[in-house]
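Trainee: Here is my input, please return the structure:
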Amino acid sequence: MTTMGDVARLAGVSASTVSHVLNGTRKVDAATRQRVEAAIVETGYRRNVAARALAGGRTHTVGLSISALTNPYFGNLVHAVERALSDAGYVLIVGDSHDEVESERRVTDSLLDRQVDGMIVAPAPGSEAVNLPAIARSRTPLVLIDRSADLDCDQVGPENVASARMLTGHLLDLGHRRIAVVRGIAGISSTRERFDGYVAALADRGLAVDRALIVDGESNTDVAEREVRALLARDDRLTALVSMNNAMTIGALKAVTGLGLSIPGDVAFACYDDFEWADSFEPKLTAAAQDVTTIGATAAALLLRRIAGHDDPLQRIHVPTAFHHRNSCGCTVARS
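Mentor: Below is the predicted model of the structure:
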């Protein structure tokens, strides 16, 4: 393995000079710098970041445990976090929890073993009782993203209750009374909060929840398609449908059209989560759009402050969504 001494001998300088060139710790004249840089290229020398981390107590890495990286929303969220951390000189290490508590444990244990400077986690179901306390005990700075938990740490995610209440309320304002809801994975805060919003919108109009209109789509396209198809086959009186994430929206749309029904003619439709191509559908999808960039950048900023040693009061931030009013809801004039 090439050492700093090898570079120094080839460049005809001391090892400390090579170190100053690499780390910018002292001004080195241009000619000497050029010789050192040429020697680095010729020898193929790489700095031992792990050794520097042990000496300085920092690895300049951040771990992210998140589910369903194939979901466009989570992919965009990872991109937003990575960009913010990269701008601050940090490398992001990502692990997919698959929304399973045991998979999440393996991911978070591995990240802790790598001595990441901080961790961002979208908790899997059951994480609050098992994995999150273990991270807290390690004293590794922690921020929860997208989903919340009863834990003393910074948390940032989308506004769920008011957004789902608004979507459902919009369908109610159009005259619909039998509105089915496709809800996500049990045991996570976003599923509970969005369902709470649906229930609140019904309560606003003095309506009770009809359990027959609740579909558990498990945040999965195939499951949502199967369950919505079954619902539509057994209930010909429902007139509207609200889906609570983008993966389930695809499944719900496939179920409706697969039965030969039209949107919004037979079933009005609104969804939580927008798509880059949602206005390319016919009809165009009425949706609550999450501000993914703000969520990711805010989570990164909160974590970086904790890594730097700031002891600000803990924050729970709910980033508002944007109502993209199109025509899948049955409105003839769409507006944003």
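Trainee: Need the three-state assignment for C271.
Mentor: Using DSSP: H, G, I helix; E, B strand; the rest coil, the secondary structure recorded for C271 is strand.
Trainee: quick one, what contacts it?
Mentor: Contacts for C271 (C-beta atoms under 8 Å, 6 or more residues apart in numbering) come out as 167, 242-246, 249, 252, 285-288, 328. To be clear about C-beta, it is placed using only N, CA and C from the backbone, and glycine gets the same treatment.
Trainee: Could you give the bridge partners of it?
Mentor: Beta bridges link C271 to S243, A287, judged by DSSP bridges.
Trainee: What separation do you get for it and S148?
Mentor: Remark: distance between C271 and S148 (C-beta to C-beta, to the nearest Å) = 22 Å.
Trainee: I figured E104 was touching N131, is that so?
Mentor: Yes: the pair E104 / N131 is scored as a contact, 5.4 Å apart, by C-beta atoms under 8 Å.
Trainee: Need the residues touching each of these two.
Mentor: Common neighbours of E104 and N131, counting by C-beta under 8 Å, 6+ apart, are V121, P123, A124.
Trainee: Can you tell me which of the residues you listed comes closest to A301?
Mentor: Closest approach between the shared contacts of E104 and N131 and A301, by C-beta to C-beta: V121, at 16.3 Å.
Trainee: Could you check how far the residue lying closest to the closest one once chain neighbours are set aside is from L314?
Mentor: Spatial nearest neighbour of V121, chain neighbours left out: S65 (4.7 Å); criterion: C-beta to C-beta, 6 or more residues apart in numbering. Distance of S65 to L314, given as C-beta to C-beta: 20 Å.
Trainee: Looking at the two, which has the bigger crowd around it?
Mentor: More crowded of S65 and L314, by other C-beta atoms under 10 Å: S65, with 27 against 12.
Trainee: ok, D311 to R9 distance?
Mentor: 47 Å.
Trainee: out of the two, which sits in the more crowded spot?
Mentor: R9 (15 against 7).
Trainee: Can you name the residues that contact the more buried one?
Mentor: Taking C-beta under 8 Å, 6+ apart as the definition, R9 has no contacts.
Trainee: Near A39, how many other residues are there?
Mentor: The local packing of A39 (other C-beta under 10 Å) involves 21 other residues.
Trainee: wait, I meant D117
Mentor: Neighbours of D117 (other C-beta under 10 Å): 20.
Trainee: before we move on, back to that, from the contacts of C271, which is closest to A31?
Mentor: Among the contacts of C271, N246 lies closest to A31 (C-beta to C-beta), at 57.3 Å.
Trainee: Let me see the contact set for the residue nearest to the closest one when sequence neighbours are not counted.
Mentor: Nearest residue to N246, sequence neighbours excluded (C-beta to C-beta, 6+ apart): D273, at 3.8 Å. When contacts are counted by C-beta under 8 Å, 6+ apart, D273 touches Y73, N245, N246, T249, A287, A288, A289, Q290.
Trainee: how close does D173 get to S163?
Mentor: Distance from D173 to S163, by C-beta to C-beta: 16 Å.
Trainee: Now stretch 196-214: buried residues?
Mentor: Buried residues in stretch 196-214, counted by 16 or more other C-beta atoms under 10 Å: G197, Y198, V199, A201, L202, L213, I214.
Trainee: which of those residues lies closest to A297?
Mentor: Out of the buried residues of stretch 196-214, the member with the shortest distance to A297 (by C-beta to C-beta) is G197, at 24.9 Å.
Trainee: neighbouring contacts of the host helix or strand of the closest one?
Mentor: Assessed by DSSP states H and E, G197 sits inside helix 189-204. With contacts defined as C-beta under 8 Å, 6+ apart, helix 189-204 is touched by 123, 146-149, 157-158, 160-169, 172, 179, 181, 183-185, 208-209, 219, 242, 244-245, 272.
Trainee: In CSV, list the C-alpha atoms belonging to it.
Mentor: In CSV, the C-alpha atoms belonging to helix 189-204 read as follows (Å, rounded to 0.1, in the frame of the first residue of the first chain):
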residue,chain,number,x,y,z
SER,A,189,-47.3,7.4,12.1
SER,A,190,-48.0,8.6,8.6
THR,A,191,-50.7,5.9,8.1
ARG,A,192,-52.4,6.8,11.4
GLU,A,193,-52.2,10.5,10.8
ARG,A,194,-53.6,10.4,7.2
PHE,A,195,-56.4,8.1,8.3
ASP,A,196,-57.1,10.6,11.2
GLY,A,197,-57.4,13.3,8.6
TYR,A,198,-60.0,11.2,6.6
VAL,A,199,-62.0,10.6,9.8
ALA,A,200,-61.9,14.3,10.8
ALA,A,201,-63.2,15.3,7.4
LEU,A,202,-66.2,13.0,7.8
ALA,A,203,-66.8,14.2,11.4
ASP,A,204,-66.7,17.8,10.1
